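Participant: Got a sequence here, can you build the structure:
(chains A, B, C and D)
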4 protein chains.
Amino acid sequence: MAVVLGPNRYGKAEIRLVRVVRDGAVHHLKDLNVRTSLSGAMEDAHLTGDNSAVLPTDTQKNIVYAFARKHGVDQIEDFALLLARHHVDSHPSIHHARVEIEEYFWDRIPPPDGRDERHSFVRSGRETRTCVVHHDRDGSSTVVSGLRDLVVLNSTGSEFHGFIQDEYTTLPPTRDRVLATEVSARWRHLPDGFRSAGPPEPPDPPEPSGSSGASGPPRPYGFGESYEEVRSRLLEAFAGTYSLSLQQTLYAMGDLVLRTCPGICEVRLAMPNRHHFAVDLTPFGLDNPGEVFHAADRPYGLIEGTVLDDAAPDARFAWE
Amino acid sequence: MAVVLGPNRYGKAEIRLVRVVRDGAVHHLKDLNVRTSLSGAMEDAHLTGDNSAVLPTDTQKNIVYAFARKHGVDQIEDFALLLARHHVDSHPSIHHARVEIEEYFWDRIPPPDGRDERHSFVRSGRETRTCVVHHDRDGSSTVVSGLRDLVVLNSTGSEFHGFIQDEYTTLPPTRDRVLATEVSARWRHLPDGFRSAGPPEPPDPPEPSGSSGASGPPRPYGFGESYEEVRSRLLEAFAGTYSLSLQQTLYAMGDLVLRTCPGICEVRLAMPNRHHFAVDLTPFGLDNPGEVFHAADRPYGLIEGTVLDDAAPDARFAWE
Amino acid sequence: MAVVLGPNRYGKAEIRLVRVVRDGAVHHLKDLNVRTSLSGAMEDAHLTGDNSAVLPTDTQKNIVYAFARKHGVDQIEDFALLLARHHVDSHPSIHHARVEIEEYFWDRIPPPDGRDERHSFVRSGRETRTCVVHHDRDGSSTVVSGLRDLVVLNSTGSEFHGFIQDEYTTLPPTRDRVLATEVSARWRHLPDGFRSAGPPEPPDPPEPSGSSGASGPPRPYGFGESYEEVRSRLLEAFAGTYSLSLQQTLYAMGDLVLRTCPGICEVRLAMPNRHHFAVDLTPFGLDNPGEVFHAADRPYGLIEGTVLDDAAPDARFAWE
Amino acid sequence: MAVVLGPNRYGKAEIRLVRVVRDGAVHHLKDLNVRTSLSGAMEDAHLTGDNSAVLPTDTQKNIVYAFARKHGVDQIEDFALLLARHHVDSHPSIHHARVEIEEYFWDRIPPPDGRDERHSFVRSGRETRTCVVHHDRDGSSTVVSGLRDLVVLNSTGSEFHGFIQDEYTTLPPTRDRVLATEVSARWRHLPDGFRSAGPPEPPDPPEPSGSSGASGPPRPYGFGESYEEVRSRLLEAFAGTYSLSLQQTLYAMGDLVLRTCPGICEVRLAMPNRHHFAVDLTPFGLDNPGEVFHAADRPYGLIEGTVLDDAAPDARFAWE
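Facilitator: Now for the predicted structure:
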């Protein structure tokens, strides 16, 4: 037996960056949470405490703020790629970089009457947008975009029956139930230069990124447009699927994204079943025709699944 | 010395009620978190364990669900009043009831093309609406409405200087800073039959309650209209006040609500100062003209204040 | 109608202070979360933004750290009094100070064999100790000590029956149930110079403060000894009371503290009923003689009560 | 392009099980949070909503409670293996099962004087014990044990210098700092019948499992003894390592576990650097010789690493 060092990485988590763009009296806002992780020639740091290969996590934080000033921040995937490539190019002991970013959305508060200024914002509270980007010293990059905390509910149009019955079964089958979940979705982009046989162009010019106004004039199809389109397809498939199981709904959501959103080769979804139990009101002489529900916390069903293009290239480190 | 029982109450907290109204293919949704608390002739329960005056918290929960079926749920204040009055009227040992409700907002997901059904929803993520209602066996009721988690930010238009300087001062005065806060607001309604000399009617017919569609045709001015109007005034005052301190902004918000929203006699606000520190980029040869900020967590300033009509009637138990 | 400013206060919340005392190779640790709030001549700050009466919350934070260095930190109540008195004495515009402190406990990790050094600690995870102290410019102070997150469970010795039965009752009476709760307790100390006719001296020399070693030689009875004694009495009464209701247990806990712990005149307790439901295993051909439970989250019963000495002096602002 | 179903699983999360063993007047307590996940022939459920291969998550929950009654609960790993094997053996459509369990620790409250009963407990608040177990229809099982929320601190004995300096460096090197972290550790057990060349027997008879008394007489070395021993070694290495980097401390912790604890072939550690910044008190005319610290929240360094036996067998699905 010999004890050896296995996979490892180190970095700074939860770097909270707010970037304001001042376009005269009109301000634009980006609100991010950045995490960087580096790996490379780290044996000495672990075995002897020799830090000559270590870029301190404090320096990683400084770079995030400095790059936000130098390069601005538009789409989180682009900013993450910029950071990841910088790290791998900066010091030979850094072999690989992973950058994860969350974005929180804001809406504008309308300016008071007669004023031109636009510098007031309210957190929109919609879901959180995410990305994880990798860059390796072999020159390759991967980009996974995503969202979390997208809570959706169908108050009808959902059944559940035909499942395995055994000695531990007490759940009755149902022909009408509330189906609610909190969607966590991540989708892998094809690398540049690799395009599937999918739709050659975005079907409709989607809205620019929901972010509250950092974007300027219309741009070519990028990560912002892609995000809004995927989000719309997820909602559309959730609402439009007559559901016989949450698995069926999950698959329909991933399937629609893959078939309609350009440049995406794999979707991973985690969907907790937020149970809404119809309350038994018969002890009080009342019926309950699908109207009064107890929203339960724990335990909950948890459905996780992957939907992918069978021609998708190898994911390598994309999901790590 | 004699040991005695002082103020006490008991009840059920976190009763999660989702109420669906099925209007043909069009569904409406109310998503609530209810807490009921009762007090009264509870000496024996505490001193000897004699429970003959106790309405179990389990029964209190049942009543919430049964009433949701029997009476429906429109505005949370009205539902809370209904519950509170029922409790005080139901058993002589119950002298006083307090009902607190939170409401979570949902938006509709647009139905798929060509379909009439409307039963799909997405959590809007805007702030949480709240109320606390009391009813006493002397016949009087109080109603406090509110909101929390309304996060707002001005990227300019805020100064802070002229404060006390002493041997522990290190903060430099500033003429331009980001001002951000998470507003918790509660406002006390005048009791029925008591009207201030304020605006006799709502200035503009406000939007009906932001809730995603539980409301039907337009109704007279009620708690839903009042809520939307107060919320708009809070945002308007936050955005429209050139701020020399968070205290000044807080007062302006309460003042505007009192002057423009009918039937409200007192506003209480708690506003944490969500510090956004401009990052010092000079070590990297960069300036930072109010563009790159670190959003800090702890510690934070916390400003709490009350703004009220000097003719407001006594609050009694309204704020308990 | 005239709009006026009502009660208000401002300060710094969540000041995280870790104080190390280096006694040669033996270190002592205090881990605190401090909140200060000031009130006074704040009309101008609210109405016009004139900050000449404002001691910035940043300065309040600095004072906490500076005082930790100058005066050290022993019992949190003493440190809070020191801070509160300083503020009221420092500037005429500050009329009243409130200081709230939480303390987190640590245990020592035993030093490696043969070494004298003692500077390694592990968070104990026991409950959080708390205090709220007020000092007013009229010279009076109040001290409330407390704890929270003390989770306790009796697996038998608890009944619940004899309660009100009405048309909404479905809960069956029980002669044996699990009783579990998460105790939040606060107790008010008599002001200096005011002593009840209670026990003249602590019944047994209690252990010094549970904190992991900040204390030196034995000292006279102070807030640390008082804390450990109250905590022990709360546990003793919870375990020793055959319970017919959570109210009865709550009262027994407050009663025992008042009767045995010197210098305390009022106890306030909030005790959520952490329901443990016996699982119905009969569908699987199994009985369940009080052995298998589902620990439920929401909803939960919430019992709140006050137990006090009928000769207790007026509380004034102690509980604010 | 063809859209296909990729890896997927489904199950019940957060099944809260409290198991009481009644040994006359002496009760024993186990407090668990169980999650089960199944995978297998799930194509039809995803593609067509045919649920004939689906064991509902509700049934999975029932099995946890029924097995707790039938088989009791001793060590969480053993209970997880029992559940996982049952699932794979029960229905041909279930090919693989994953069971994750968390255990919360309780201490006994001493019984009142002169009584024999022992049925009162207080949550200890120490770290959470964890395990993840897999069982596959090929007959193989994997067991990973772990802990989280073990918060530790060295108030001296830590340096950090010699790191990369570049244009973005502002961190000064230090020869004395506080080193604090919240340890998440997971360790993989060798499969039965596979033993490394490590220590043939446990070096010292360790304490029986820290759980509050569910265990009876001494038993042969099992998961409970292993847990206590690993926990002790992690603390010992953290306290005993003079640290030049958190990476070095992490490696020392994994290394000591592998060298001294029988049957473990791989350790994975995630250790956030809970920064404690010495407060600059010079503006107040005070020095700060490593005594007054600000415990910061965000951002934080995050160090993740694996230490393993180079002869460890392939992990297969153990870490999934």
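Participant: mind checking how far the residue in the stretch 1-150 of chain A that chain B sits nearest to is from chain C?
Facilitator: Here the residue of the stretch 1-150 of chain A nearest chain B is residue A:125; by Cβ to the nearest Cβ that distance is 2.7 Å. For every residue, glycine as well, the C-beta is placed using N, CA and C. As judged by Cβ to the nearest Cβ, to the nearest Å, residue A:125 and chain C stand 22 Å apart.
Participant: now swap in residue A:232 and tell me
Facilitator: Distance, residue A:232 to chain C, using Cβ to the nearest Cβ: 33 Å.
Participant: okay, the nearest residue to the residue of the stretch 1-150 of chain A closest to chain B once chain neighbours are set aside: pLDDT?
Facilitator: Once flanking residues are discounted, residue A:125 sits nearest to residue B:125: 2.7 Å by Cβ to Cβ, 6 or more residues apart in numbering or on different chains. On the pLDDT scale, residue B:125 is placed at 86.
Participant: How about residue A:112?
Facilitator: Per-residue confidence at residue A:112 stands at 79 (pLDDT).
Participant: and it, how many neighbours?
Facilitator: By other Cβ atoms under 10 Å in any protein chain shown, 13 other residues sit near residue A:112.
Participant: isn't there a helix covering it?
Facilitator: No: going by DSSP: H, G, I helix; E, B strand; the rest coil, the assignment for residue A:112 is coil, not a helix.
Participant: these two touch, right, it and residue B:240?
Facilitator: Yes: counting by Cβ atoms under 8 Å, residue A:112 does reach residue B:240; the two are 4.1 Å apart.
Participant: got any residues that touch both of the two?
Facilitator: The overlap between the contact sets of residue A:112 and residue B:240 (Cβ atoms under 8 Å, 6 or more residues apart in numbering or on different chains) is empty.
Participant: Convert the C-alpha atoms of whichever helix or strand residue A:250 is part of to CSV, please.
Facilitator: Taking DSSP states H and E as the criterion, residue A:250 maps to helix A:246-260. Extracted in CSV, the C-alpha atoms of helix A:246-260 (Å, rounded to 0.1, in the frame of the first residue of the first chain):
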residue,chain,number,x,y,z
LEU,A,246,-43.0,13.2,-13.8
GLN,A,247,-40.4,11.2,-15.8
GLN,A,248,-42.5,11.6,-18.9
THR,A,249,-42.7,15.4,-18.3
LEU,A,250,-38.9,15.5,-17.7
TYR,A,251,-38.2,13.7,-20.9
ALA,A,252,-40.6,15.9,-22.9
MET,A,253,-38.8,19.0,-21.6
GLY,A,254,-35.3,17.8,-22.5
ASP,A,255,-36.6,16.5,-25.8
LEU,A,256,-38.1,19.8,-26.9
VAL,A,257,-35.0,21.8,-26.0
LEU,A,258,-32.8,19.5,-28.0
ARG,A,259,-35.1,19.6,-31.0
THR,A,260,-35.6,23.3,-31.1
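Participant: for chain A, what spans make up the helices?
Facilitator: All helices of chain A, identified by DSSP state H, fall at A:43-47, A:57-71, A:76-90, A:223-240, A:246-260.
Participant: Quick check: residue A:286 vs residue A:275, distance?
Facilitator: Residue A:286 is 21 Å from residue A:275, where distance means Cβ to Cβ, to the nearest Å.
Participant: For the two, indicate the residue with more neighbours.
Facilitator: Between residue A:286 and residue A:275, counted using other Cβ under 10 Å, the more crowded position is residue A:275 (20 against 16).
Participant: gap between the single longest strand found in chain A and the chain center?
Facilitator: Scanning chain A for the longest strand, with DSSP state E as the assignment, gives strand A:3-23. Distance of strand A:3-23 from its chain centroid, counting by Cα atoms, centre = their mean, to the nearest Å, is 17 Å.
Participant: what do you get for stretch A:298-310?
Facilitator: Centre-to-centre, stretch A:298-310 and its host chain are 15 Å apart (Cα atoms, centre = their mean).
Participant: still on that earlier bit, could you count how many residues lie near the residue nearest to residue A:125?
Facilitator: Residues near residue B:125, counting by other Cβ under 10 Å, number 20.
Participant: Let me know whether it touches residue A:128 as I believe.
Facilitator: No: if you go by Cβ under 8 Å, residue B:125 and residue A:128 don't touch, sitting 9.6 Å apart.
Participant: Between these two, which contacts overlap?
Facilitator: Contact criterion Cβ under 8 Å, 6+ apart; residues shared by residue B:125 and residue A:128: residue A:149.
Participant: sorry, back to before: now for the helices of chain A, which one comes closest to residue C:95?
Facilitator: Closest to residue C:95 of these is helix A:57-71 (Cβ to Cβ; 41.0 Å).
Participant: residues making contact with that closest one?
Facilitator: A:10-12, A:15, A:17, A:19, A:34, A:36, A:38, A:79, A:82-83, A:86-87, B:279, B:281, B:283-284, B:286, B:288, B:291-292, B:294, D:164, D:166, D:168-171, D:273, D:299, D:301-302.
Participant: Can you select the buried ones from these in PyMOL?
Facilitator: The PyMOL selection below is limited to those of these classed as buried (16 or more other Cβ atoms under 10 Å in any protein chain shown):
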select buried, (chain A and resi 10+11+12+15+17+19+34+36+38+79+82+83+86+87) or (chain B and resi 279+281+284+286+288+291+292+294) or (chain D and resi 164+168+169+171+273+299+301+302)
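Participant: hang on, the earlier thing: how close does the residue of the stretch 1-150 of chain A closest to chain B get to residue B:223?
Facilitator: From residue A:125 to residue B:223 the distance is 22 Å (Cβ to Cβ).
Participant: How much space separates residue A:78 from residue A:143?
Facilitator: Residue A:78 is 9 Å from residue A:143, by Cβ to Cβ.
Participant: overlap in contacts of these two?
Facilitator: residue A:223.
Participant: The residue nearest to residue A:125: what's it in contact with?
Facilitator: A:124, A:125, A:126, A:127, A:149, B:105.
Participant: Pop out the phi and psi values for the residue in the stretch 51-200 of chain A positioned nearest to chain C.
Facilitator: Relative to chain C, the nearest point of the stretch 51-200 of chain A is residue A:170 (5.2 Å; Cβ to the nearest Cβ). Dihedral angles of residue A:170 (phi, psi; degrees, to the nearest 10) stand at phi -130, psi -10.
Participant: That one: what's it in contact with?
Facilitator: By Cβ under 8 Å, 6+ apart, the residues touching residue A:170 are C:283, D:58, D:59, D:62.
Participant: Quick check: of these, which lies closest to residue D:256?
Facilitator: Distances from residue D:256 to those, taken by Cβ to Cβ, are shortest for residue D:62, at 42.0 Å.
Participant: To what extent is the closest one buried, counted in neighbours?
Facilitator: By other Cβ under 10 Å, 23 other residues sit near residue D:62.
Participant: quick one: pLDDT of it?
Facilitator: Per-residue pLDDT puts residue D:62 at 98.
Participant: List, one by one, the residues from the stretch 201-320 of chain A near chain D.
Facilitator: Residues of the stretch 201-320 of chain A found near chain D (Cβ under 8 Å from any Cβ of the partner chain) are A:243-245, A:247-248, A:250-251, A:254-255, A:258-259, A:266, A:268, A:272-273, A:297-311.
Participant: Give me the buried subset of the residues you listed.
Facilitator: With neighbours counted using 16+ other Cβ under 10 Å, these contain these buried positions: A:243-245, A:247-248, A:250-251, A:254-255, A:258, A:266, A:268, A:272-273, A:298-309.
Participant: residue ranges with poor pLDDT in the stretch 101-250 of chain A?
Facilitator: Low-confidence segments of the stretch 101-250 of chain A (pLDDT under 70): A:193-220.
Participant: Thank you kindly, that will do.
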